[in-house]
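A.B. asks: just a sequence and a predicted model for now, questions to come.
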Amino acid sequence: MSPVRAFVAIHLDDKTRDAVARAQAKLKQCGAAVRWVKPESMHLTLKFLGEIEMEAVPGVAAIMAEAVEGVEPFTLTFRGLNALPRIESPRVVYVGVGDEGSVLAPIADRLNDRLCALGVKRENRRFKAHLTIGRVKSRKKIEPLIELIRAEPDTDYGAVDVTRICLMRSELKPTGAEYTVLHTADL
């Protein structure tokens, strides 16, 4: 069996996804060269695994369970627009993620540390929770995009009650990535 692209993520609820999609629609109007994430594909990535063999899924599942062991369900808030690496030179357009209880980063750190045992590359950058909504392809019409992003620094897009994390399969297709849930770990 051939390897699959995989990542661990948190799904959005419909209400939050719809609010973010409305903000995304406003941004699209400026005509900037951005590859926008389809609303139905929006998710909060905790750890990108890259290519894994399907036989590794049970090991990943066990590590996911360890990463959330003892963690109670919690709430994430989605607020404001911004860009990485910085707003003046955007490559990724994102919605900010608030984690009042500081629960998310420790889960991501445990995943990052423990998945190394399965050959998954360790991320050396500190985890920064963000919801990617677009990837900038060129500087074409970038100034109007920057202005629209700056106009939405504190807009509230909703809150998501997190009760599980999901191992996702990513299939790259001409129409964009398609995601399938391979496993879930409940909090």
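C.D. replies: Thanks, I have the structure now.
A.B. asks: which ones are touching V160?
C.D. replies: I10, H11, L12, D13, T16, T75, L76, F78 (C-beta atoms under 8 Å, 6 or more residues apart in numbering). From N, CA and C alone the C-beta is placed, and that goes for glycine too.
A.B. asks: could you say which helix or strand holds it?
C.D. replies: strand 156-162 (DSSP states H and E).
A.B. asks: now that strand: buried residues?
C.D. replies: Using 16 or more other C-beta atoms under 10 Å as the test for burial, strand 156-162 gives Y157, G158, A159, V160, V162.
A.B. asks: closest one of these to P58?
C.D. replies: V162 (23.2 Å; C-beta to C-beta).
A.B. asks: who's the closest one bridged to?
C.D. replies: F74 (DSSP bridges).
A.B. asks: test my guess that it contacts P73.
C.D. replies: Yes - counting by C-beta atoms under 8 Å, V162 touches P73, with 6.1 Å between them.
A.B. asks: name the residues contacting each of these two.
C.D. replies: L187.
A.B. asks: quick check: angle from the biggest helix by length in the chain to strand 156-162?
C.D. replies: Of all segments of type helix in the chain, defined using DSSP state H, the longest is helix 14-28. With axes from the mean of the first three to the mean of the last three C-alpha atoms, to 10 degrees applied, the angle from helix 14-28 to strand 156-162 works out at 140 degrees.
A.B. asks: helix 14-28 - contacts with which helices or strands?
C.D. replies: Using 3 or more C-beta pairs under 8 Å, 6 or more residues apart in numbering; DSSP states H and E, the elements in contact with helix 14-28 are strand 34-36, strand 74-84, strand 92-98, strand 130-136, helix 142-150, strand 156-162.
A.B. asks: for the ones you listed, which one sits closest to V181?
C.D. replies: strand 156-162 (15.2 Å).
A.B. asks: tell me the SS of the spatially most central residue of the chain?
C.D. replies: Nearest to the geometric centre of the chain sits L44, at 2.7 Å (C-alpha atoms, centre = their mean). Secondary structure, DSSP: H, G, I helix; E, B strand; the rest coil: L44 is strand.
A.B. asks: who are the contact partners of it?
C.D. replies: L44 sits in contact with A9, I10, L12, L76, V97, A129, H130, L131, where contact means C-beta under 8 Å, 6+ apart.
A.B. asks: before we move on, the earlier item: out of the contacts of V160, grab the one that's most surrounded.
C.D. replies: Using other C-beta atoms under 10 Å as the neighbour test, the contacts of V160 are led by F78, with 26 neighbours.
A.B. asks: measure it to V37 for me?
C.D. replies: Taking C-beta to C-beta, to the nearest Å as the measure, F78 falls 14 Å from V37.
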